[in-house]
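[1] Sharing a sequence plus its predicted fold:
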Protein chains: 2
Amino acid sequence: MVQEQSRRHNAGTLLRHVHVDGPLSRAELGERMGLNRSTIMALTTELSRVGLVREESPVDTGRAGRPSLMVRPASDRCYVLAFDVAVDRLVAARVGLGGTILDRREAVRPRAGPDLHDVVMVLARFGRQLHRAAPSGARCVGVGASYCGMIRPGDGMVRYGPDLGWVDQAFGDELGRRLGLGLPVAVGNEAHLGAQAEQRRGAGVGLDNLIYLHGDVGVGGGIIVGGRLLGGDGGYGCELGHMVVNPYDGRPCGCGSHGCLEAEVGERALLDAAGRPAELFGRDAVRSVADDADRGDPAAREALRRVGDWLGIGVANLINLFNPGVVVFGGMLCDLYPGAAAQVRGRIARNVLPVARESVRLRTAALGDDATLVGAAELGFARLLDDPLAVWPDPAPPDAGVPSSAPPAPRLPA
Amino acid sequence: MVQEQSRRHNAGTLLRHVHVDGPLSRAELGERMGLNRSTIMALTTELSRVGLVREESPVDTGRAGRPSLMVRPASDRCYVLAFDVAVDRLVAARVGLGGTILDRREAVRPRAGPDLHDVVMVLARFGRQLHRAAPSGARCVGVGASYCGMIRPGDGMVRYGPDLGWVDQAFGDELGRRLGLGLPVAVGNEAHLGAQAEQRRGAGVGLDNLIYLHGDVGVGGGIIVGGRLLGGDGGYGCELGHMVVNPYDGRPCGCGSHGCLEAEVGERALLDAAGRPAELFGRDAVRSVADDADRGDPAAREALRRVGDWLGIGVANLINLFNPGVVVFGGMLCDLYPGAAAQVRGRIARNVLPVARESVRLRTAALGDDATLVGAAELGFARLLDDPLAVWPDPAPPDAGVPSSAPPAPRLPA
């Protein structure tokens, strides 16, 4: 019994290694996992038999001796559906084991208006299209979704979606029902998922302490402390966008307060500072300010400078609190940051204690606008990676055409 | 081998339970640890034989059946020395297993001046006195120290002590050498230790997410995230005192910046706001402002209100970031907080998102000014609790008079 548990645990660990880091030799896996050759071989043989990995001879290294077989994730056979409800778009993707985006659908989302039903109908249609378009031997093992709002951990309930005006909407349940795949939908906050994606596959690979700021209408945060997402008592931590940075004449914030970081550096703050008319909004408008600043336009440069100063105060506070290895700017902050970097760095130089300042790096999201989608896919893979041999049906003749419309009906861990 | 490791691990876990929670019955220990009666009995018999616990019949419960033996820590036989270098005092204590302060020495510390040598001489003298005064059967198993500055994790080096002006001083090594007990001295930052002490034995018992603010000249922080102290990449996180709360006309801060939380709510800020002369300083001066405010003095009330508003902004930001179960005010903030609570709560009501606001409690340190000293003692006990049967000499006839001047020479874990 203990042996069987240990075998299944090791299978999950091995699969996680190739899922996150791509093809690895049996020898590398043995070294990473502290297991001997025969144990690794038994694991890879089992995972290969059920069709989750493939073992291949490596390209000739020119070195003597029989080279160790390379183990790679079978991304064409095993995939998840990932969804992203962002402020300006709805995205769905089929993401293969190993994290490759294999297929995707995208729609522009009207800024105001869509209710739960509208959003779910669009996403579910995309999801079914992606599922049908998958090769016949491929199986869907999970569904993950990123949402631009506050999510109750565990059940995918949107507690508060400031931008869509949603309060206590059962988004995960409803999307799962409409997809009709018999799979639960795991939902996460977009900035939390962006942080985890950047740590696993982006600007924070190998780092245990990371701060991810996701800008759009507001500013969300995902903070990794000691390798784990900071949750707090109810899972509602990381709300760095509501850090008060301007207590005197701060701009009004959607939360009802004034001078919050997101009120001072969000989309509207930048566009107002640049003198853009109130009817302009969205990512293109933000990019046009950044482009104008690049071309030397004084108003655009001053706007980035002003917003960058507030951003710098917020980031300096976060570095003093968290002593992170990297701060990652995602969402529209990817566009804003380059023109505001001098200001941000100036604030860090003035306000951060030397010991924490010396080691921190500042980066835009390496995964760009896909950070949140990639994070949603990782959420979808979580069950498989926890216990692949329980989730993945066995026996599965690796090359038989398993009907993709009949996936197993798994349960989410409590 | 595995069995022996498991036995030693279980011995540590059992000892930790009675150390932290006091006397527990064998039955309770079995339930907590998920071990059967005979395994628990073997462990308590072994720990009792070497003299780390005592087993006693409980008081009559009036219930039928033979009552389960109570296991209590042998605080008279096993102790640590704990030291506290605070801004205004030097404290040394002998603390028994179970966390009881058995004996203590204290000296007023001049605010300016004492160098490493001065401080170590006083503390080492106190430590030797306490050690000599211990009963002859008692053994010292560790030494912990709290310091009001930035400590390099691992070796007790004071990286930066703003208040004493120390930079890169080998405080832990030097104190260990002068004590001459052959024991290493584990050193921690006072606010980190205060946070851990309040979580283990104070206002945060049973909570996994806690923020501790320690006020004196400045404001230090200890933040527990998911049950563990937030360290960050280098162990220099938690610097909440340097969160900029007043970016416009902020008071100058010792760090070289302006408007940091500690510049706005530290001792000098309060005394200046209350119109006290510049030559007044220290804890008594702070208490006199709090007392005057209690008596209705308008200037003192206004001073607490003003300082409380900055404190409230800082605390609200922290609650949004960490979604903690409790925020604990320690050091001179114990005196300041009651008169500033309305202001702090007002800021929280305005600035914290409802989900995080509903569940958080605000408390003054339950351990009072001993929070840091108690935390230092816990640091001293860490090695014993990790592996009691390795650290504690065996065989030790429980009632033989072991010379207390010949403790074992243990090593700190790497």
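    That came in fine, so what should we check first?

[2] Now that residue A:124 has come up, it's in contact with residue A:178, right?
    Yes - the pair residue A:124 / residue A:178 is scored as a contact, 3.6 Å apart, by C-beta atoms under 8 Å. Bear in mind the C-beta positions are built from the backbone N, C-alpha and C, glycine included.

[3] Which of these two has more residues huddled nearby?
    Between residue A:124 and residue A:178, counted using other C-beta atoms under 10 Å in any protein chain shown, the more crowded position is residue A:124 (20 against 17).

[4] contacting residues for the more buried one?
    A:175, A:178-180 (C-beta atoms under 8 Å, 6 or more residues apart in numbering or on different chains).

[5] ok, now residue A:211?
    By C-beta under 8 Å, 6+ apart, residue A:211 lies in contact with A:195, A:221-224, A:240, A:315, A:318-319, A:322, A:324, A:326-328.

[6] picking up where we left off before, tell me the one of the contacts of residue A:124 nearest residue A:301?
    The nearest member of the contacts of residue A:124 to residue A:301, counting by C-beta to C-beta, is residue A:175 at 42.9 Å.

[7] which other helices and strands contact the host helix or strand of that closest one?
    Residue A:175 is located in helix A:171-179, with elements delineated by DSSP states H and E. On a contact count with 3 or more C-beta pairs under 8 Å, 6 or more residues apart in numbering or on different chains; DSSP states H and E, helix A:171-179 meets strand A:78-85, helix A:116-132, strand A:139-147, strand A:157-161, strand A:185-189.

[8] hmm, 7 Å instead?
    Packing partners of helix A:171-179 (3 or more C-beta pairs under 7 Å, 6 or more residues apart in numbering or on different chains; DSSP states H and E): helix A:116-132, strand A:139-147, strand A:185-189.

[9] tilt between it and strand A:157-161?
    Angle, helix A:171-179 to strand A:157-161, by axes from the mean of the first three to the mean of the last three C-alpha atoms, to 10 degrees: 120 degrees.

[10] What are the buried residues along helix A:171-179?
    Residues A:171-176, A:178-179 are the ones in helix A:171-179 that count as buried (16 or more other C-beta atoms under 10 Å in any protein chain shown).

[11] same thing with stretch A:343-360?
    For stretch A:343-360, burial by neighbour count (16+ other C-beta under 10 Å) applies to A:343-345, A:347-348, A:350-353, A:355-357, A:359-360.

[12] Looking at pLDDT only, which of these scores worst?
    Among the buried residues of stretch A:343-360, residue A:355 carries the weakest pLDDT, at 85.

[13] Quick check: nearest residue in space to it, chain neighbours excluded?
    Spatial nearest neighbour of residue A:355, excluding adjacent residues (C-beta to C-beta, 6 or more residues apart in numbering or on different chains): residue B:236 at 4.5 Å.

[14] circling back to that earlier point, would a markdown table of the helices and strands packed on helix A:171-179 with mean pLDDT be doable?
    Formatted as a markdown table, the helices and strands packed on helix A:171-179 follow (pLDDT from 0 to 100):
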| stretch | mean pLDDT |
| --- | --- |
| helix A:116-132 | 96 |
| strand A:139-147 | 97 |
| strand A:185-189 | 97 |
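
[15] Out of the ones you listed, which gets nearest to residue A:381?
    Per C-beta to C-beta, nearest to residue A:381 of the helices and strands packed on helix A:171-179: strand A:139-147, 5.9 Å.

[16] and the angle from the closest one to strand A:185-189?
    Going by the same axes, to 10 degrees, strand A:139-147 makes 30 degrees with strand A:185-189.

[17] Mind listing the strands strand A:139-147 pairs with, and their directions?
    Paired neighbours of strand A:139-147 in the sheet (DSSP bridges): strand A:78-85 (parallel), strand A:185-189 (parallel).
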